[in-house]
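Undergrad: build me a structure from this.
(one chain, ligands or ions: 1)
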Amino acid sequence: MFNSVEHNAPGLWVRFPWGTYFTQKVMALSMASPCGVLSDEEEGGMAVFESTAADIGGLVGQRLNEVTLPEISIISPGLEHRPSIREKALAKPGVIRQGSGGEGNTDKVKVFLRIRPLTEGEKERGEEQGCVCVQNEESLMLKAPKDSQNMKSAERGVAQSMHKFSFSQIFGPETKQQDFFESTMKEMVRDVLRGESRLLYTYGVTNSGKTYTIQGVGREAGLLPRALVSLFRKLQGRLYGAMNLKPVLHQEVRQLDAGEVRAEEIRRDALLKEEDDMTSRMRGGTSTWDSGIGGHSITSHIATQLEDSDSVCLEPDSLSHSGGEELEEGVQFSVWVSFYEIYNEFLYDLLEAPPCLQPKKRAILRLSDDKQGNPYVKDLTWVQVRSAEEAWRVLRAGRRNQSFASTHLNHNSSRSHSIFSTRILHVHPEANQGQATRVSELSVCDLAGSERCKDQRNEERMKEANNINTSLHTLGRCIAALRHNQTNKSRPPQVVPFRDSKLTRVLQGFFCGRGRSSMVVNINPCASTYDETLQALKFSAIVTQLVHGPSTKTRVAYILSLLREPRSHSNDSTLIEEDEDSDEDGDITMFDSDALLRAIEVLKREVQRQREEKEVLEATVREQVFSEMMEVISGMEKDFSQTLETEKALMEERFEDKINNLQKSLKRYYNQEIEERDEQIEALTAALEKKGGVSLAEPAPLPLFPPLALGGEAEGPTPRRSQRLASTTTGELSRVRAELDQCRAELLEKTQELRRVQGQLTPPEHSDALTNAADRKLGEGQRNLRQLRLDLQRLGLNLQSGERACCRNTGGERLRHALTTADHTLAKQDQTLVELQNGLLLVKADLRRKAETLAQMGQMPPCGSASATPGSCQKRGCGAAGNAENQPPEKRHFFRSLFPQHTPSRNGQPQTTPYSRILRSRQQSPPPSPGPSGRYRVTKC
Ligand SMILES: Nc1ncnc2c1ncn2[C@@H]1O[C@H](COP(=O)(O)OP(=O)(O)OP(=O)(O)O)[C@@H](O)[C@H]1O
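TA: Next comes the predicted model:
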């Protein structure tokens, strides 16, 4: 809940109990409702700022989110303001802060509510009407119908569905026009005749009965005709008949010469005559003429209006006759009327309009200020009227020019704010040439109805609705600012935005103490317009909290006090006493010119004093604001630099981490690469050693890259990069770069070497052919040997059998034959052996040759050291005898068995194979002489 809304374009300073915030949202929100008050949702979210009842007031101080919305929003005047003495003393002309004091409730702005009955059309439509409940003469309860926006908001928990409002007086649908007049305007007429100025304005949603209330229909004359009749009845016999005094400017009177008087008479007669003619001519017709604004044409539905207005009349004794007993003695009254409208923020004189049948652009009137800064409508037509009837005819003439149009809600809707003013000149006829001592005014303003722009289907209607809503919104802002100034007296007064719209500017005087205002709020009971009605009532609730501005009399009393005690201005308390005792009925015109000049001097000094006071105050405030701002700025600066430092450290740490991670990954990657290369080199070295039979006892290859000092290895906290960078010298960088280059060169060299070694390891093509031939021959030799072994075994068997036969002395011839056969066989075998031996020699020679070739190849630098020895071909086992252990065991055994005399057994004993035994036996016996066939002879045992 917030206490107040201050206007300060383009946003608003919203004062909450817990602080003051500048917001544009509130402005936007308040713009959303044409009357300038908050909508239900805003109300739910921000509470109802016009609420003053205790149950809502009790919530002040709680935060919004802690607030549980009461079931009913109670909105009532509730502002029992009785100005303090100090406030009274401080009341200066032009500053609206308080009422005139001492009059209690009479100081409050009167707000009347009128509820119209349902029209025939609405009854036919079956309009729901249970949402408006009059509780008593002053209280009204609104209950949101189920289809309304308000009910939807209430269901969402952001607004109340029931609202209670209080008014000065509530008038139900059955209220008669006469009763309404008696309760509202009758007193105003009396005040005007006493010399006061009064304003009555109607406010409400479109089609709520505003025009009906002011002008009336048929026999039901509205407030204005009744007021005119009442006025002239009171003035009976007291009218100032001459036309030589005319109201001008804000509330000045100008004396006209004879020519001007004649011109005024002609104008008035022409107007009245034209009106009479038009009434007869236009009865039943319609007329169209250019509005003068961008060529838009306005259609006036005059027919209905004229028919009705023509027949508007008062019942014979509807107004009680009151004589002139209340009027000032010896004063006569001259009555002048004007009628103008504010249409789309332009002012048009409704009495200066051209004849309806001659379309012509209407002249736009300008608003000006007089010397005192009071606004007035320049060049406005004022017509002197001598009776209520004449006034009514002038009003009718003006209504022809008024902007009406048919809308979806009202077939004859006012599209402008119209203001009918009656100025009464209080004339002292016995004075020289007649002198108007005072001018009072009664203004009746029929405001156009607020309406939803989106409901308008016509572009022109949309524009009108927009302008109507804007001006009504400005009126709402002015009222809210006035209320703020009245309720927050300890704070500096807000500027009331009267200048923001034409409407508020022309009505300004009535809100600033140069008169009083009363408001009539019109509503219709239809549920279909509930949401708009609620907004209108919320606006009216603010107005009910207003008190009237200081009256003219108070200002006179203030001046009088200054004159009586010129030096008392420096002491407020003295002034207050004077004010309390002063005669409020004092009239400044009682003073002679000397006294007035003195008063002016005093006022000048007072103005000067106040100006100086304000300047000092301004300087102090500026100084305070400056020092506070400097404090705030230095605090912000400090905070900012701290934040900056923290951010910097944070960023550096983050990037340090990133760099470290990167370094680690790089290091891991290069170490892996180095290890792989080293492994490759080792494998190649081992292969070379294996090939060459020489150990390449080289030192372990150095890693291609020296240990990568890329950071991240150091234990403990490392200084920040920025610090390291600061300490890093250019020399270190170049050293690291040189090391890197060296590593690269080494890597290149090693790679080339590897390639070379790989090339060498590939055996030459011709060595393959030699090896293959040797293998083939070896295979042949082995096959022969196997055959030989078989033959020998068979021979041995034969020999054994021969021996056995010899032992048994069985057939010498047969034995001899066997021996001969054996000799042949042995000879053959010897020959085979010789051949085999030759073959082996050839193979050996071949192998040696191969070994030499390999040795030659192995001598190639740089690896042509030990690995290039002939031993490099030992794989085949065909070379050196000293390397016999490399031979397969069965082969060695075979050679030993072949050459027993050269291959003694390990224990020195000759081995006893069948063949050796045979040889031995033959060596012991004389060798048989070869026979004629060259065969050995076999000796007898
Ligand atoms: N108290 C009432 N008794 C009977 N009929 C009424 C009463 N008030 C209004 N009406 C009727 O309601 C209708 C609308 O009234 P009116 O034109 O005065 O509304 P309005 O508020 O001036 O609308 P707008 O703002 O659009 O000009 C008219 O037909 C009028 O006769």
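Undergrad: in stretch 264-271, which residues are buried?
TA: 264, 267-268, 271 (16 or more other Cβ atoms under 10 Å). C-beta here means a position set from N, CA and C on the backbone, and glycine is covered the same way.
Undergrad: pick the one among these closest to Asn374.
TA: Glu264 (23.4 Å; Cβ to Cβ).
Undergrad: contact partners for the residue of the stretch 151-300 of the chain found nearest the ligand?
TA: In the stretch 151-300 of the chain, no residue comes nearer to the ligand than Gly209, which is 2.7 Å away by Cβ to the nearest ligand atom. By Cβ atoms under 8 Å, 6 or more residues apart in numbering, the residues touching Gly209 are 114, 116, 522, 524.
Undergrad: SS state for Glu127?
TA: Judged by DSSP: H, G, I helix; E, B strand; the rest coil, the three-state class of Glu127 is coil.
Undergrad: wait, it sits on Ser528?
TA: Yes - assessed by Cβ atoms under 8 Å, Glu127 is found in contact with Ser528 at 6.3 Å.
Undergrad: against Val496, how distant is Ala481?
TA: Applying Cβ to Cβ, to the nearest Å, the value for Ala481 to Val496 is 4 Å.
Undergrad: near the ligand, anything from the helix or strand harbouring Leu475?
TA: Here Leu475 is covered by helix 459-487, with elements defined by DSSP states H and E. No - between helix 459-487 and the ligand, judged by Cβ under 6 Å from any ligand atom, nothing touches; the nearest distance is 8.5 Å.
Undergrad: re the thing from before, and the contacts of Gly209 near the ligand, which?
TA: 116, 522.
Undergrad: among the contacts of Gly209, which lie within strands?
TA: Among the contacts of Gly209, the ones falling in strands (DSSP state E) are 114, 522.
Undergrad: could you measure Thr119 against Gln608, distance?
TA: For Thr119, the distance to Gln608 - Cβ to Cβ - is 62 Å.
Undergrad: the bottom helix or strand of this structure by mean pLDDT?
TA: Within the chain, judged by mean pLDDT, DSSP states H and E, the helix or strand with the poorest mean is helix 54-57; its value is a mean of 31.
Undergrad: do a quick rundown of the strands in the stretch 151-300 of the chain.
TA: 162-166, 169-171, 198-204, 216-217, 220-221, 245-248, 252-255, 287-290, 297-300 (DSSP state E, counting those that start in this stretch).
Undergrad: adjacent strands (with direction) for the fifth one?
TA: So the one you mean is strand 220-221. strand 216-217 (antiparallel) (DSSP bridges).
Undergrad: any part of the partner strand near the ligand?
TA: Yes - counting by Cβ under 6 Å from any ligand atom, the ligand is contacted by strand 216-217 at Val217.
Undergrad: more crowded one of Thr119 and Gln608?
TA: Using other Cβ atoms under 10 Å, the more surrounded residue of Thr119 and Gln608 is Thr119, with 15 against 10.
Undergrad: can you tell me how far the more buried one sits from Ala221?
TA: Thr119 is 19 Å from Ala221, by Cβ to Cβ.
Undergrad: again, but for Glu852
TA: On the measure of Cβ to Cβ, Glu852 and Ala221 end up 148 Å apart.
Undergrad: of those two, who's got more company?
TA: Neighbour count, other Cβ under 10 Å: between Glu852 and Ala221, Ala221 has more, with 25 against 13.
Undergrad: and that one, what are its bridge partners?
TA: For Ala221, the beta-bridge partners are Gly216 (DSSP bridges).
Undergrad: and if you look at Leu442?
TA: Under the criterion used (DSSP bridges), Leu442 bridges to Arg198, Thr422.
Undergrad: residues near it, how many?
TA: What Leu442 shows, counting by other Cβ under 10 Å, is a neighbour count of 27.
Undergrad: pretty sure it contacts Ala227?
TA: Yes - counting by Cβ under 8 Å, Ala227 is a contact partner of Leu442 at 6.7 Å.
Undergrad: now for these two: what residues contact both?
TA: With Cβ under 8 Å, 6+ apart, Leu442 and Ala227 have common neighbours 188-189, 422.
Undergrad: out of those residues, which are close to the ligand?
TA: Among the shared contacts of Leu442 and Ala227, not one lies near the ligand by Cβ under 6 Å from any ligand atom.
Undergrad: Gln251 and Ser421: what is the separation?
TA: Gln251 is 11 Å from Ser421, by Cβ to Cβ.
Undergrad: repeat that for Arg396.
TA: From Arg396 to Ser421 the distance is 16 Å (Cβ to Cβ).
Undergrad: next, the closest residue to Gln332 other than its chain neighbours: phi, psi?
TA: With sequence-adjacent residues excluded and distances taken as Cβ to Cβ, 6 or more residues apart in numbering, Gln332 is closest to Tyr240, at 3.9 Å. Dihedral pair for Tyr240: phi -90, psi 110, per degrees, to the nearest 10.
Undergrad: wait, isn't Tyr240 in contact with Trp336?
TA: No - with contact defined as Cβ under 8 Å, Tyr240 and Trp336 do not form a contacting pair (10.7 Å).
Undergrad: need the overlap of contacts for these two.
TA: Joint contacts of Tyr240 and Trp336 (Cβ under 8 Å, 6+ apart) are Leu425.
Undergrad: where does the stretch 251-400 of the chain have low pLDDT?
TA: 282-325, 353-360 (pLDDT under 70).
Undergrad: and the residue in the stretch 51-200 of the chain that the ligand sits nearest to, what does it touch?
TA: Using Cβ to the nearest ligand atom, the closest approach of the stretch 51-200 of the chain to the ligand is made by Arg116 at 3.4 Å. Going by Cβ under 8 Å, 6+ apart, Arg116 touches 173, 208-209, 212, 522-525.
Undergrad: again, only this time at 7 Å
TA: Arg116 makes contacts with 173, 208-209, 522, 524, as judged by Cβ atoms under 7 Å, 6 or more residues apart in numbering.
Undergrad: narrow the residues you listed to just the buried residues.
TA: 208-209, 522, 524.
Undergrad: circling back: can you name every helix or strand that the helix holding Leu475 contacts?
TA: Helix 459-487 sits against strand 4-8, helix 502-511, helix 530-543, with contacts defined as 3 or more Cβ pairs under 7 Å, 6 or more residues apart in numbering; DSSP states H and E.
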